[in-house]
Every structure is written in structure tokens, then in C-alpha cells.
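In: sequence-free structure coming up:
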């Protein structure tokens, strides 16, 4: 396989996963703000922080109001991480690798991009936002299912799985980091139930609420949520599961020693940690270290294969 093709497949999967994650974040934040009292709502600024686009956003906007943030994250051509930009990049990568992916996958990627481009205005209105974003999520899940069921499970498929899981691990750390900062640790006693609602929003951002309740069998609490999202071995969107899936992909590829070494460092770090015992500043530094580890893995993959 040409390195160009491997690179395009890898990034196609990352961009598709990024679009789904962006849709999930906007949906969950919309519902969270409806559940909380007005005077303790975190607003829309934390979503900008989760996506790592604060400097870019405030270079174009004066304040992080709902309409500006949603437009920036869904359809802004100036934001390379917007939902529409991610789907456009995924479409271009899919177009250049059409001989390696099933025709139906290319058609679905193209159709999803056209849907997002034509209907993105629906995301600006609360009444129609949920249906639009749910359509994006279903479209991405359809692509993932088609790839699993109709594509050869060869090196190309491993590069796509690798990209998807590294992108997923990165987003999990971002959500835990920024959302935990906005969770108001010193609420008045009468407002402590709302802290539970916000931790539920963290789980729902990753579609993890029901699986958390099934696995942990306790009420939603910070220590248990952190352990579940960072160290759970069986939940697909937990950090540890995602990097373990990335490891299995690398083991199927030639010359994996250098990227595997970088990945094992990250795995050892998260296995040995006790995130439930970390104070907020310590948790932030720990997550920073995990993200830097993922950057080193991506750099090792690029140097080895692309």
C-alpha cells in the first residue's frame, strides 16, 4: 500500500470521528443548559475549549454566545475543526482512495457531507438542532458499520481503525478535562444535585451513561466517572479501550516498533494512575500528559508509515 493511501485512510477516519464528536458535544450541551438553573449554567465557552479552538474563535467573535459558538462549530469555513470542515476533509480523503473502500462508503460519505452543507442552518435553531445533529451521528455510525461489514480487513482497514481510535481517545480526554473544570466543585448545599446532572452530561457526551450505570451500579459520582471513562477496558469510548484498539491495529501493520513504544508509554501511564484521587489541578496535568502522549503516537505513526 502506498504511504499516501495509508495517510488518506487514516485521516479520513479521524475526520469522520471528529465530526461525530462535535455533533455529540453540541447536542449534549444544549440539553445540559436546559436542565441547569440560569445562574450556574456553564454556557457555551467550555465547548470552544474542548475543541481547542479558543484563539481562533475569539479572533472572529467578541463573545461566546450560543448562536456564534454553534455556527463556528458546525459550519464556519474559517474553522478547520468545524463539523462541515471535518466532513469536507473526510470526503476529499475518501475521494482519493475510492479504489480501496467500498463504493457504498464513498457514496455515504459524500451524501453526509452534502446533507451537512445544505442543512447546517438547522443547527442554529434549538427546535431543529437535535434532529440535524442526530442525523450526522447516524450517518457516521452508518459509515462505520459499512466499513466493518463490507471492507477488506487488511492494512487499509487497520489504518482507519487506528485513526478512529486515536481521535476518540483524544476527544475523551478533552471532554473530561474541560467539563470537569466547569463542574462547580463548591456549590451551595441546595445546588449539589446539579453537580450530578453535569457529571451525567460528561457521560452523555460520550454516550456512556447507560453503560456506566450497568457497569458501576452506583449513582453518578466524580471518582467513578473518571475511572470509567479513563480506565474501563470494555467500553468503546473509554480512553484505555481506545488506545488498546489502536495497539491491536498497529500489531497488524509492518514495522510497528516505534509507534507501539510510544503507545505503550501512554497505556502504562493510564493503567498506573488513580484519577479518582487527583485534585483538579493534578487531573489537568495528568490529562495534558495523556494528550502529549497521543501526539507522540501520531508523530511516530506519521514518521513510520506516511
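Out: Looks like it came in fine. Bear in mind that the values here come from a model prediction, so they are computed numbers and not experimental data. Numbers count the residues shown, from 1 in each chain.
In: any low-confidence regions in the chain?
Out: Scanning the chain for pLDDT under 70 picks out the ranges 35-42, 179-195.
In: any chance you could map the strands in it?
Out: Defined through DSSP state E, the strands belonging to the chain form an empty list.
In: Which segments of it make up each domain?
Out: 1-151, 153-306 (automatic domain parsing).
In: TSV please, covering those domains and showing mean neighbour count.
Out: Any C-beta I mention is one placed from the backbone N, CA and C, and that applies to glycine too. Shown next, in TSV, are the domains of the chain (neighbours: other CB atoms under 10 Å):
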stretch	mean neighbour count
domain 1-151	18
domain 153-306	18
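In: Okay, the closest residue to residue 296 other than its chain neighbours and residue 246: tell me how far apart.
Out: Spatial nearest neighbour of residue 296, chain neighbours left out: residue 262 (4.6 Å); criterion: CB to CB, 6 or more residues apart in numbering. Relative to residue 246, residue 262 is positioned 10 Å away (CB to CB, to the nearest Å).
In: Now list whatever residues contact both of these two.
Out: residue 297 (CB atoms under 8 Å, 6 or more residues apart in numbering).
In: for the residue nearest the centre of the chain, what are its contacts?
Out: Central residue of the chain (CA atoms, centre = their mean): residue 171, 3.5 Å from the mean position. For residue 171, the contact set (CB under 8 Å, 6+ apart) comprises 17, 18, 21.
In: Which residue ranges of the stretch 151-300 of the chain form helices?
Out: 155-181, 192-205, 209-216, 222-231, 239-251, 257-272, 280-305 (DSSP state H, counting those that start in this stretch).
In: Then the stretch 1-150 of the chain?
Out: 3-35, 45-50, 54-60, 66-74, 83-95, 103-119, 126-150.
In: among these, which is nearest residue 178?
Out: Closest to residue 178 of the helices of the stretch 1-150 of the chain is helix 45-50 (CB to CB; 4.6 Å).
In: Check what contacts that closest one and list those residues.
Out: 25-26, 29, 54, 57, 64, 69, 72-73, 174-175, 177-179, 181-182.
In: Tell me how far it lies from the chain's centre.
Out: The chain centre lies 13 Å from the centre of helix 45-50; the measure is CA atoms, centre = their mean, to the nearest Å.
In: Also stretch 226-236?
Out: Distance, centroid of stretch 226-236 to centroid of chain: 15 Å (CA atoms, centre = their mean).
In: Need the distance between the two termini of that stretch.
Out: Its first and final residues considered, stretch 226-236 spans 15 Å by CA to CA, to the nearest Å.
In: likewise stretch 271-291?
Out: This stretch, stretch 271-291, spans 15 Å end to end (CA to CA).
In: hmm, who's touching it?
Out: 170, 173-174, 176-177, 180-181, 185, 222-224, 226-227, 230-231, 239-240, 266, 269-270.
In: Dump the helices of the stretch 151-300 of the chain into a markdown table; add distance to residue 124 as well.
Out: Below are those laid out as a markdown table (distance: least, CB to CB, whole Å):
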| stretch | distance to residue 124 |
| --- | --- |
| helix 155-181 | 23 |
| helix 192-205 | 21 |
| helix 209-216 | 27 |
| helix 222-231 | 30 |
| helix 239-251 | 32 |
| helix 257-272 | 38 |
| helix 280-305 | 31 |
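In: out of the ones you listed, nearest to residue 96?
Out: Of all the helices of the stretch 151-300 of the chain, it is helix 155-181 that lies closest to residue 96, at 12.7 Å by CB to CB.
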